[in-house]
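Participant: Quick one, what's the 3D model for this:
(4 chains)
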2 protein chains.
Amino acid sequence: MGRPPRHDRDRLLDAAVDLAFEAGPSGVTVAAVARSAGAPSGSVYHRFPNAMALLAAVWLRTLERFQDDFVAAASGEPAGRAAVDAARQVVSWSRTNPREALLLQYGPRDFGQSEWPDADRDRLAHGNRRVRDTLAGLAARLGPRTDLERVLLAVVDVPRSLVARHLREGTPIPESAEDLVAETAAALLGI
Amino acid sequence: MGRPPRHDRDRLLDAAVDLAFEAGPSGVTVAAVARSAGAPSGSVYHRFPNAMALLAAVWLRTLERFQDDFVAAASGEPAGRAAVDAARQVVSWSRTNPREALLLQYGPRDFGQSEWPDADRDRLAHGNRRVRDTLAGLAARLGPRTDLERVLLAVVDVPRSLVARHLREGTPIPESAEDLVAETAAALLGI
DNA sequence: CCCCTTTTAGAGAGCGATCTCTAATAATCG
DNA sequence: CGATTATTAGAGATCGCTCTCTAAAAGGGG
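Facilitator: Numbers count the residues shown, from 1 in each chain, chains lettered A, B, ... in the order given. A predicted model of the protein is given here:
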């Protein structure tokens, strides 16, 4: 083949995550990623056709890592248990991956979604559809009287927002957070 | 005195809020604000010493408008009623002021907090202290067994995150949101 | 009506970011 | 060991943004 890579895709994306953690989405520039990874900017352009493709890749890799774990938790049996587990999972994952969790507090818009390549836009839509379908299924399994808006609040919004405050303020997520979130979900969903 | 202003402070800040709504914090540049307000960049620099002071002003004006209404709601009597009202207030205010609400989904960090003038940093700290004290007082009034973390979750995080999802997705905040949020707060706080 | 102050108006220097292009480099395969 | 190929390396053009500076304009007070 040829020369082996020194700064591979994942290393560059790791640098990009660090930058987003320190300076927000606008800190993720091609020049900054290259500097941070110790690579010349040409190496970045060798992997990503342009700056937007890089931003899309950072967002998508992070989101999909989160979604994989979340969907797994929300797909368990029985439904009540799965809902509470999913809510806990959001908190635990964020404690384990604080940089990625802070990044996900932004939206794809902040990472330039409207200027992404089509393939990346499709990938995002596909992942979101998967999560939405899982949660719609969960709502149905929980009973006909549980609407999607309520499930979203209990399982996504509440844990997400608790995490968000601690990430913004730089305080560690308390040990009790999982229990608090589980209690809220149970109360909201009548479990 | 002298010539009356054509582009006053508040008009420029309104333009800045619009830009943040459309393009995020990084869309709020001196050049863009001037363009959007139909003013030359010199007029912006006549009001604000530099770009960071402008960002600070946008953030602080928006935050303080929100906090004024929120603190008023959270200070009512009795405590249980005040807590539920405060949670509802977050949702209502966001529906009435969607641009400002989306802006507040970011943090001061995203608006360059670390490079703000000292006076602005102090103003931010003062406002935050006021809210924190109000909520600590509310927690105490609710009873010795209600800790601050729980009050924050019920009254701030939950409504904020429900709103955040709709703002991100561009969907309107449902009519039922206030009730859902009030129900959650009541359950969490044992009201 | 003229002077004084505030404000508008915009040109232009300096800077950092994106992206292109060319040359050098290093491993693998025959 | 030489040919091939993936990759690094970085110079340089272009662009938009920040900020400064000078000149002009437009009311209000005496």
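
Participant: can you list the weak-confidence ranges in chain A?
Facilitator: Per-residue confidence of chain A (counting by pLDDT under 70) places the weak regions at A:1-2.

Participant: where along it do the strands fall?
Facilitator: With strands called from DSSP state E, chain A shows none.

Participant: Which residues of it lie near DNA strand C?
Facilitator: Remark: the part of chain A in contact with DNA strand C comprises A:1-4, A:29-32, A:41-42, A:45, A:50-52, using Cβ under 7 Å from any atom of the strand. Just so you know, the C-beta spots here come from the backbone N, C-alpha and C atoms, and that holds for glycine as well.

Participant: For ChimeraX, write a command that selects the buried ones of those residues.
Facilitator: The command below creates a ChimeraX selection of those among those that count as buried (16 or more other Cβ atoms under 10 Å in any protein chain shown):
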select /A:29,30,32,51,52
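
Participant: what residues are up against A:Asn19?
Facilitator: Just so we're on the same page, residue A:19 is Leu rather than Asn. A:27-28, A:32-33, A:36 (Cβ atoms under 8 Å, 6 or more residues apart in numbering or on different chains).

Participant: on that earlier part again, just the residues of chain A next to DNA strand C: which are in helices?
Facilitator: Helix and strand membership here follows DSSP state H; of the residues of chain A next to DNA strand C, those in helices are A:30-32, A:41-42, A:45, A:51-52.

Participant: And those, which is closest to B:Arg99?
Facilitator: When these are compared for distance to B:Arg99, the smallest value, 25.2 Å, is given by A:Met52; criterion: Cβ to Cβ.

Participant: my guess is that closest one contacts A:Trp116, does it?
Facilitator: Yes: taking contact to mean Cβ atoms under 8 Å, the distance of 5.7 Å between A:Met52 and A:Trp116 places them in contact.

Participant: re the thing from before, would you turn the contacts of A:Leu19 into CSV with distance to B:Ala187?
Facilitator: Listed next are those as CSV, based on distance: Cβ to Cβ, whole Å:
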residue, distance to B:Ala187
A:Gly27, 40
A:Val28, 40
A:Ala32, 45
A:Val33, 45
A:Ser36, 45
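
Participant: what's the closest of those to DNA strand C?
Facilitator: Of all the contacts of A:Leu19, A:Ala32 has the smallest distance to DNA strand C: 5.7 Å, by Cβ to the nearest atom of the strand.

Participant: Next, work out how far apart the closest one and B:Gly27 are.
Facilitator: For A:Ala32, the distance to B:Gly27 under the criterion Cβ to Cβ, to the nearest Å works out to 19 Å.

Participant: CA atoms only for stretch A:29-47, dumped as CSV, please.
Facilitator: The C-alpha coordinates for stretch A:29-47 follow below in CSV (Å, rounded to 0.1, in the frame of the first residue of the first chain):
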residue,chain,number,x,y,z
THR,A,29,-11.7,25.5,12.8
VAL,A,30,-9.5,23.6,10.5
ALA,A,31,-6.4,25.5,11.6
ALA,A,32,-7.2,25.0,15.3
VAL,A,33,-7.7,21.2,14.8
ALA,A,34,-4.5,20.9,12.9
ARG,A,35,-2.6,22.9,15.6
SER,A,36,-4.1,20.9,18.4
ALA,A,37,-3.3,17.6,16.8
GLY,A,38,0.2,18.7,15.9
ALA,A,39,-0.5,18.3,12.2
PRO,A,40,-0.3,20.7,9.3
SER,A,41,-3.6,21.9,7.9
GLY,A,42,-2.9,20.0,4.7
SER,A,43,-3.3,16.7,6.6
VAL,A,44,-6.8,17.7,7.7
TYR,A,45,-7.8,18.6,4.2
HIS,A,46,-6.5,15.2,3.1
ARG,A,47,-9.2,13.5,5.3
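
Participant: Next up, the contacts around the residue most central in space within chain A.
Facilitator: By Cα atoms, centre = their mean, the mean C-alpha position of chain A lies nearest to A:Leu63, the distance being 3.4 Å. If a contact means Cβ under 8 Å, 6+ apart, then A:Leu63 has A:104, A:124, A:127 as its contacts.

Participant: Go through the ones in helices among the residues of chain A next to DNA strand C and name the one nearest DNA strand D.
Facilitator: If you rank those by distance to DNA strand D using Cβ to the nearest atom of the strand, A:Gly42 comes first, at 2.5 Å.

Participant: now the contacts of A:Leu63: which count as buried?
Facilitator: Buried members of these, scored by 16+ other Cβ under 10 Å, are A:104, A:124, A:127.

Participant: Would you reformat those as a markdown table and include distance to A:Val181?
Facilitator: Listed next are the buried ones among the contacts of A:Leu63 as a markdown table, based on distance: Cβ to Cβ, whole Å:
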| residue | distance to A:Val181 |
| --- | --- |
| A:Leu104 | 16 |
| A:Leu124 | 26 |
| A:Gly127 | 23 |
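
Participant: rewinding a little: which one among the contacts of A:Leu63 gets closest to DNA strand C?
Facilitator: When the contacts of A:Leu63 are compared for distance to DNA strand C (Cβ to the nearest atom of the strand), A:Leu124 wins out at 19.3 Å.
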